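>>> how would this look folded up:
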Amino acid sequence: VPFIWTSLHTYGGNLGIKGNISRINDIPFAAPPLAPSPAGYDPRTQAVGVGYTPEGLDQNTAYYELLQEAAFKAAPESNITEWLVRRAHRRYGLLSPQSLELTAAEGDGVRVEGGPAEWKFNSDVARAWAALGASGYAIDKGVGDATGVCQMDVSAKLTGLDHTTFEPDLHTPAPALCLERIAWGSLNAAAPAIATTTTTTTTTGSAVVEGTKPLPEPFVYDLVNTAREVLAQLSTPMLLNFSASFDNTSSGAADTAREINETGALFIELLADMDRLLATDRAFMLGPWLASARKLGGSATDCVGTQIEGDIGHCSDFMEWNARAQLTTWYPVIGSASAPMVQQNGRDHDYARKQWSGILRDVYIPRAELYRKQALQDAAAGQPFNATAIDKSYAQLAYKWQTDYPSTYPTDPVGDPVAVSTELFNKYSKYFRAC
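The predicted structure is shown next:
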């Protein structure tokens, strides 16, 4: 039977640097006709193509590019590190596709051979992508976002931190995460050279000038995405420490309250910093998503029967309402602001969670504040954490946010991505001293 081999890489468009690209480099070529038929198999059982079936393609471009290329190759890439580094140089406008030969080397970088007039090799770019190739892109992390950024029940979904993030002590970063932080720092270091124009001669031919140019969007995306990944992984132990404080019965009320406040403040501060980072690149902003949804609604006014207070009518509002619901509770919260009703018992809440600027500030941070308030109230009363009460509070928050249309979220980036990235790299360095 002819078949197409496909990869299911993500659910709900969740973000995360992940996917073992060495596997997808090899698998498409491991079946007939590019490999011998296994004993006992019908020779007509052959791979006739490759494909992918993710719920959302707007992430992990390196993974999907390598997968798509397999359809046009007769053999896998011989060196994944070389492929990643060469791709990054093309992506950032540092070389043309045929301008140089790269050879993988030990340690930090990649040795380059070729004419200096044809390429502008950047050792920081090479170091960054060699590190990513040995960390996030060497691991299949699953189809969902398991970090603490967009969910409060991460402790219920994880039996423990795996070897790709932090060790069980919740303090020691794992080797793979240390490599991702190296990649982050290397991209920060690469930015000035990428923003510098090639040396040019004036029209008179008598002077040489240098200048700067805007950073190419693919570089900004990769910089922000790598920074986002490291900070997102840091959010997980911070959330686990925060949630563990809710039912701390071994300390007195005052000590428990202090622990709730301290761990909660660290977690919330991290989310706020991430929101500011994500606002520097359009790919990680809520505004464009909501603007796109509103455009789909057009000028029609027959979008009714929504089961929310006052109904809707205008289809641009209806589409935005659905777009907001998809990101938060999946099924819209219906009813009214005073009596919201969560559908399907909230079973798919946070399914399509996104690490985007805007939603962190207006949904995930307020939700964390609700949890902190509830935990403090229950600790003062000597009661266990009241999950039922928090579910009701979050339903009210979700209803209010989902019906807060039309959107006023910005659609253009805010802030300098390199400046914010560098600031946060330095600010959170203390958590990576063991690297």
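>>> chain center to stretch 332-349: distance?
Centroid displacement of stretch 332-349 relative to its chain, using C-alpha atoms, centre = their mean, to the nearest Å, is 27 Å.
>>> buried stuff in that stretch?
Neighbour counts using 16 or more other C-beta atoms under 10 Å place Pro332, Val333, Ile334, Gly335, Pro340, Val342, Gln343, Gly346, His349 of stretch 332-349 among the buried residues. Any C-beta I mention is one placed from the backbone N, CA and C, and that applies to glycine too.
>>> and the contacts of that stretch?
Residues outside stretch 332-349 that contact it (C-beta atoms under 8 Å, 6 or more residues apart in numbering): 306-309, 321-322, 325, 328-331, 391, 395-396, 398-400, 402-403.
>>> how does it look with 7 Å?
Residues outside stretch 332-349 that contact it (C-beta atoms under 7 Å, 6 or more residues apart in numbering) are 307-309, 321-322, 325, 328-331, 391, 395-396, 398-400, 402.
>>> burial count for Ser7?
By other C-beta atoms under 10 Å, the residues close to Ser7 number 19.
>>> now for the nearest residue to Ile21 once chain neighbours are set aside: which residues touch it?
Leaving aside its sequence neighbours, Ile21 sits nearest to Tyr137 (C-beta to C-beta, 6 or more residues apart in numbering; 4.8 Å). By C-beta under 7 Å, 6+ apart, Tyr137 lies in contact with Ile17, Gly19, Ile21, Ala62, Tyr63.
>>> packing partners for the helix or strand hosting the last one?
Under the criterion DSSP states H and E, the helix or strand holding Tyr63 is helix 61-69. Contacts defined by 3 or more C-beta pairs under 7 Å, 6 or more residues apart in numbering; DSSP states H and E place helix 61-69 against helix 21-26, strand 47-52, helix 80-91.
>>> so where's the stretch 1-150 of the chain shaky on pLDDT?
Regions of the stretch 1-150 of the chain meeting the criterion pLDDT under 70 cover residues 96-119.
>>> tell me how far His89 lies from Ala128.
Going from His89 to Ala128 by C-beta to C-beta, to the nearest Å gives 11 Å.
>>> kindly apply the preceding question to Leu239 instead.
Distance from Leu239 to Ala128, by C-beta to C-beta: 27 Å.
>>> just Val420 next, same as before
For Val420, the distance to Ala128 equals 18 Å [C-beta to C-beta].
>>> which one's more surrounded, these two?
Neighbours per residue (other C-beta under 10 Å) separate Val420 from Ala128, with Ala128 holding more: 28 against 20.
>>> elements contacting the strand or helix carrying that one?
Ala128 is part of helix 123-133 when elements are defined by DSSP H and E. Applying 3+ C-beta pairs under 7 Å, 6+ apart, we find helix 123-133 packed against helix 80-91, helix 175-194.
>>> name the residues that touch that helix?
With C-beta under 7 Å, 6+ apart, helix 123-133 has contacts from 17, 80-81, 84-85, 88-89, 92, 94, 108-110, 179-180, 182-183, 186-187, 189-190.
>>> thank you, goodbye.
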